[in-house]
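1. sequence and computational prediction follow.
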Amino acid sequence: MSAASEAIARDGAEASLEAIARSAGVGSATLHRHFPSRWSLMEAVFAERVDCLFDRAEELRDAPEPLDALVRWLREVAAYATTTRGLAAALLNGPPEESSTCQAHLIAAGDSLVRRAVEAGAVRGDVATADLLTLVNAISLAAQQAGPEEAERLVTLMLEGVLVRQG
């Protein structure tokens, strides 16, 4: 896992599986026995990072201002995905025939934040966590070259479309 994490951090989601196996001191067959597809390796590498975002959503779940909690979490997801090469692409482009554990975990994390913001009347009722994460991941992909500041700016623009207009 360490060799895969380093290679993906350096080369993104298209890191050479053969180079990862060599760096880990195992053969290609051993790598494929543990991770039958590139996607399964990606999910294993990103699982720990996604767990941190899940924990952060848990911390924010009881924040006094539901909208602030949701916005803070979405910005953190965007910054994380922008600076973690390959994460946004992997979450957006995972093969449909394989379930996305990372995506499901993030949706579960954000559901309570979105629900609280909707119940508070701050977010439109037709907004789904999966929709927000798709938009945040797309923003992260677009901002990878520019960095987290650009991702934050674009998340702010995106949120203008999901917030309930006051007055």
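-> Nice, thanks for sending it over.
2. from here on, just use CA atoms for contacts and neighbour counts.
-> OK.
3. so for stretch 147-165, what gets flagged as buried?
-> Across stretch 147-165, burial judged by 16 or more other CA atoms under 10 Å covers 148, 150-152, 154-155, 159, 162-163.
4. for that stretch, what is the distance to the chain centroid?
-> Distance, stretch centre to chain centre, for stretch 147-165: 16 Å (CA atoms, centre = their mean, to the nearest Å).
5. any buried residues in the biggest helix by length in the chain, and which?
-> Longest helix of the chain, by residue count under DSSP state H: helix 38-60. Residues of helix 38-60 classed as buried under the neighbour-count rule (16+ other CA under 10 Å) are 38-47, 49-50, 53-54, 56-57, 60.
6. same for that helix, what does it pack against?
-> Packed against helix 38-60 by the contact rule (3 or more CA pairs under 8 Å, 6 or more residues apart in numbering; DSSP states H and E) you find helix 2-11, helix 66-83, helix 87-93, helix 101-119.
7. out of those, which is closest to residue 26?
-> Each of these was scored for nearness to residue 26 using CA to CA, and the closest is helix 2-11 (10.6 Å).
8. tabulate the CA atom coordinates of the helix or strand harbouring residue 151 in CSV.
-> Residue 151 belongs to helix 148-159 when assigned by DSSP states H and E. C-alpha atoms of helix 148-159 as CSV (Å, rounded to 0.1, in the frame of the first residue of the first chain):
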residue,chain,number,x,y,z
PRO,A,148,-7.0,24.4,-3.7
GLU,A,149,-7.7,28.2,-3.7
GLU,A,150,-9.2,27.9,-7.2
ALA,A,151,-11.2,24.8,-6.0
GLU,A,152,-12.6,26.9,-3.1
ARG,A,153,-13.6,29.7,-5.4
LEU,A,154,-15.4,27.3,-7.7
VAL,A,155,-17.1,25.6,-4.8
THR,A,156,-18.4,29.0,-3.7
LEU,A,157,-19.8,29.6,-7.2
MET,A,158,-21.4,26.1,-7.2
LEU,A,159,-23.0,26.6,-3.8
